[in-house]
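>>> coords please:
(2 chains)
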Amino acid sequence: GEQVEQRPPHLSVREGDSAIIICTYTDSATAYFSWYKQEAGAGLQLLMSVLSNVDRKEEQGLTVLLNKKDKRLSLNLTAAHPGDSAVYFCAVSYNNAGAKLTFGGGTRLTVRP
Amino acid sequence: EAAVTQSPRSKVAVTGGKVTLSCHQTNNHDYMYWYRQDTGHGLRLIHYSYVADSTEKGDIPDGYKASRPSQENFSLILELASLSQTAVYFCASSDWGVQYFGPGTRLTVL
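Now for the predicted structure:
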């Protein structure tokens, strides 16, 4: 079945710097890619999702890049601030109703003032 | 806005006891899911459902049952709770590829 590797597991950056998180997946049929943010003691908040026909998507200081050839998905937080400190998960699925998600292992991001 | 709620938000149970976790969604989604998250790890799928009165096994169903009495409600049942089932449990609903999560239930089995 699908396997998703996420790195790094821990990331610490200074306020204003960029933070980049990368996921690699194995199944070329994977078609839906999402990023979630989990703050301490809370559930998963959907940040952004893209279909496989999208290479790049930007929203509110976040950039998602999809490289289908290398089966790599990345999330770039530009100008990170302390409120971005959280655990981030990538999740992938097939593009069909109710498709099961396969999650990466998570990245704990700390943004230092 | 999509809304998934869970109850209780936290629970302490005794080993061998029965535990029921409840989930309610107002999204009108057909699909609902139960995941568990262990400290420092990602989410693993326990059970899911695509229609009322039907449930399917996920990746780690052993020790858990699920019930979907209506489109809006999805329960996770631990008939005989064990220490290894201490975790945070998340419910989610989805329409197409994207899942919306509840706030989670922290379960501690003693």
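>>> From now on I want contacts and neighbour counts done on CA atoms only, so please keep to that.
OK.
>>> Can you give the distance from the lowest-mean-pLDDT helix or strand in chain A to the centre of its chain?
Within chain A, no helix or strand scores below strand A:102-103, which has a mean of 89 by mean pLDDT, DSSP states H and E. Its chain's C-alpha centre and that of strand A:102-103 lie 11 Å apart, by Cα atoms, centre = their mean, to the nearest Å.
>>> now for it, which elements pack on it?
Contacts defined by 3 or more Cα pairs under 8 Å, 6 or more residues apart in numbering or on different chains; DSSP states H and E place strand A:102-103 against strand A:86-93.
>>> what sits up against the strand it packs on?
Identification of contacts with strand A:86-93 by Cα atoms under 8 Å, 6 or more residues apart in numbering or on different chains yields A:4, A:6, A:23, A:30-40, A:99-110, B:42, B:97.
>>> Return the distance of it from the chain's centre.
5 Å.
>>> Report pLDDT for residue 90.
Here I'm looking at chain A. A:Cys90 is assigned 95 on the pLDDT scale.
>>> The chain in question should be chain B.
If you check B:Phe90, the pLDDT there is 96.
>>> How about B:Thr55?
B:Thr55 is given a pLDDT of 95.
>>> you'd agree it is up against B:Tyr64?
No. Using Cα atoms under 8 Å, B:Thr55 is not in contact with B:Tyr64; the gap is 11.7 Å.
>>> Low-confidence stretches in chain B?
For chain B, the stretches flagged by pLDDT under 70 are B:1-2, B:97.
>>> Just want the most central residue of chain B.
Nearest to the mean C-alpha position of chain B, by Cα atoms, centre = their mean, lies B:Trp34 at 3.2 Å.
>>> For chain A, see how far away that residue is.
11 Å (Cα to the nearest Cα, to the nearest Å).
>>> List the contacts of the one helix or strand that residue maps to.
Using DSSP states H and E, B:Trp34 sits within strand B:31-37. By Cα under 8 Å, 6+ apart, the residues outside strand B:31-37 that reach it are A:98, B:43-51, B:74, B:76, B:87-95.
>>> now the strands: where do they sit in the chain?
Let's take chain A. Using DSSP state E, the strands of chain A run over residues A:4-7, A:10-14, A:19-25, A:32-38, A:44-51, A:56-59, A:62-67, A:72-77, A:86-93, A:102-103, A:107-112.
>>> Oops, wrong one, chain B.
Along chain B, the stretches classed as strands by DSSP E are B:4-7, B:10-13, B:19-25, B:31-37, B:43-51, B:54-57, B:65-67, B:73-78, B:87-94, B:99-101, B:105-109.
>>> hmm, back to that, got a markdown table for the strands of chain A, with distance to B:Asn28 and mean neighbour count too?
Shown next, in a markdown table, are the strands of chain A (distance: least, Cα to Cα, whole Å; neighbours: other Cα atoms under 10 Å in any protein chain shown):
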| stretch | distance to B:Asn28 | mean neighbour count |
| --- | --- | --- |
| strand A:4-7 | 30 | 19 |
| strand A:10-14 | 37 | 15 |
| strand A:19-25 | 31 | 21 |
| strand A:32-38 | 21 | 22 |
| strand A:44-51 | 18 | 18 |
| strand A:56-59 | 27 | 12 |
| strand A:62-67 | 28 | 19 |
| strand A:72-77 | 30 | 20 |
| strand A:86-93 | 21 | 26 |
| strand A:102-103 | 23 | 24 |
| strand A:107-112 | 31 | 20 |
